[in-house]
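Q: What would the 3D arrangement of this be:
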Amino acid sequence: MTYQYPLYFLHVYKNQKALILLYTATFFLMIHYGEGYHAWEVTPEDYSQILKLYTNSIIYFPTAYFTKVTLLLLIGRVFAVKEQVARSIHVFIAMLFVAYLPVQIVKKRKIFFFGLTLAIFTDFVILLVPIPLTWSLRVSLRKKIKIITLLGAGGIATGMTILRMYKAVKFIDSNDVTADFGSLILTT
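A: Numbering: from 1, shown residues only. Predicted coordinates:
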């Protein structure tokens, strides 16, 4: 008996696309107002607009959640013949949902670094889970290597998240927020 795949995949995908578009739009607005320039090169009015647009971090967590859920559901669909794998993926998705729930912000730094740590962890899960599952497929070695290479492209996302964490640690006490966080935004 095979595990029945949930129909909410399409709804997740639609939400993910909308959030990514909204998140990207806020980046373009931030660039318009001077994000990426030194703070002394940005007018006080534009700087005020940039600070308002930093609220895009509210959009980041649901965007990250839906992106990761989409990838996990895709992996779950590919390996749905293994009921235990599919159920484990759905349990992991539920745990991610709880982790991404908004909480009262005690310190912005803690929330920011928690989000980055969670992103790195989930990127590694999404990267590593398919590898042993692919080896169990009844296909030629060449096809297995192709599948792992394709799925391994997610390693780029993991690398970018680690780079983002490095830049965040480097710039957390920055006096030139608009210039320093401009490069951080590019790694998102």
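
Q: Packing partners of the helix or strand residue 53 falls within?
A: Assessed by DSSP states H and E, residue 53 sits inside helix 44-53. Counting contacts by 3 or more CB pairs under 8 Å, 6 or more residues apart in numbering; DSSP states H and E, helix 44-53 is packed against helix 9-33. C-beta: built from backbone N, CA, C; applies to glycine.

Q: low pLDDT regions in the protein?
A: Applying pLDDT under 70 to the chain flags residues 1-16, 102-109, 186-188.

Q: For it, which segments count as helices?
A: Secondary structure of the chain (DSSP state H): helices at 9-33, 44-53, 57-78, 83-99, 108-128, 130-135, 141-152, 154-171, 177-186.

Q: Now do the shortest one: distance to the chain's middle.
A: It refers to helix 130-135. Its chain's C-alpha centre and that of helix 130-135 lie 22 Å apart, by CA atoms, centre = their mean, to the nearest Å.

Q: now swap in the fifth one and tell me
A: Its chain's average C-alpha position is 8 Å from that of helix 108-128, according to CA atoms, centre = their mean.

Q: list the helices and strands that helix packs on?
A: Helices and strands touching helix 108-128, by 3+ CB pairs under 8 Å, 6+ apart, are helix 57-78, helix 83-99, helix 154-171.

Q: Not counting sequence-adjacent ones, nearest residue to residue 170?
A: residue 180 (7.9 Å; CB to CB, 6 or more residues apart in numbering).
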